[in-house]
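Engineer: Task: produce atomic coordinates for the following.
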Amino acid sequence: MRIPGFIKNKIGHEVAKEAEKKIGKWSYRTTAWGVAVILLAIGQAATALLDGDPETVLDLKLLGAEFAFGMGLIQARDQKAHKEPE
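Structural biologist: Numbering: from 1, shown residues only. Purely as a prediction, here's the structure:
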């Protein structure tokens, strides 16, 4: 992914090169799964909070675990997309 020139001028070319390297290492497969997991966790939390049943409780441990798992997937590298080890 290329960073536009006007942004490079604001943040500096060296910082922009480093950002391009890191952005290029992301995998759309694992990032999409990570976003899906986080959206699912938000949906489950919203359902638990808004269903109108006072007996339904929000499981904060599960919500935290799902969020952490989703963030881990977003930060992960897919070996199919990246052949060189880091």
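
Engineer: which regions of the protein sit below the pLDDT cut-off?
Structural biologist: 1-26, 78-86 (pLDDT under 70).

Engineer: so after the longest helix anywhere in it, what's the next helix or strand?
Structural biologist: Longest helix in the chain, counting residues (DSSP state H): helix 28-50. Toward the C-terminal end, the helix or strand that comes next after helix 28-50 (DSSP states H and E) is helix 60-75.

Engineer: burial of Leu73, as a residue count?
Structural biologist: 20 (other CB atoms under 10 Å). No exception for glycine: its C-beta is placed from N, CA and C like everyone else's.

Engineer: Please give me every residue in contact with it.
Structural biologist: By CB atoms under 8 Å, 6 or more residues apart in numbering, Leu73 lies in contact with 30-31, 33-34, 37.

Engineer: Just give the nearest non-adjacent residue to it, would you?
Structural biologist: Leaving aside its chain neighbours, Leu73 sits nearest to Gly34 (3.2 Å; criterion: CB to CB, 6 or more residues apart in numbering).

Engineer: what's the distance between that neighbour and Ala45?
Structural biologist: 17 Å (CB to CB, to the nearest Å).

Engineer: Show me which of the two is the more surrounded one.
Structural biologist: Gly34 (20 against 17).

Engineer: Might one say that Arg77 is in contact with Thr30?
Structural biologist: Yes. Contact criterion CB atoms under 8 Å: Arg77 and Thr30 qualify, at 7.4 Å.

Engineer: More neighbours: the two, which one.
Structural biologist: Thr30 (18 against 13).

Engineer: Put together CSV for the contacts of Leu73, with distance to Leu49 on each row.
Structural biologist: Listed next are these as CSV, based on distance: CB to CB, whole Å:
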residue, distance to Leu49
Thr30, 29
Thr31, 27
Trp33, 25
Gly34, 23
Val37, 19
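
Engineer: follow-up on the earlier one: alpha carbons of the longest helix of the chain, in CSV - could you do that?
Structural biologist: The C-alpha trace of helix 28-50 is given here as CSV (Å, rounded to 0.1, in the frame of the first residue of the first chain):
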residue,chain,number,x,y,z
TYR,A,28,-6.3,-9.5,4.3
ARG,A,29,-7.4,-13.0,5.2
THR,A,30,-6.5,-12.9,8.9
THR,A,31,-7.4,-9.2,9.2
ALA,A,32,-10.9,-10.0,7.9
TRP,A,33,-11.3,-12.8,10.3
GLY,A,34,-10.2,-10.6,13.2
VAL,A,35,-12.7,-7.9,12.3
ALA,A,36,-15.4,-10.5,12.0
VAL,A,37,-14.6,-11.9,15.5
ILE,A,38,-14.7,-8.4,17.0
LEU,A,39,-18.0,-7.6,15.3
LEU,A,40,-19.5,-10.9,16.5
ALA,A,41,-18.4,-10.1,20.1
ILE,A,42,-20.0,-6.6,19.9
GLY,A,43,-23.1,-8.2,18.5
GLN,A,44,-23.3,-10.7,21.3
ALA,A,45,-22.7,-8.0,23.9
ALA,A,46,-25.4,-5.8,22.4
THR,A,47,-27.9,-8.7,22.3
ALA,A,48,-27.2,-9.5,26.0
LEU,A,49,-27.6,-5.8,27.0
LEU,A,50,-30.6,-5.0,24.8
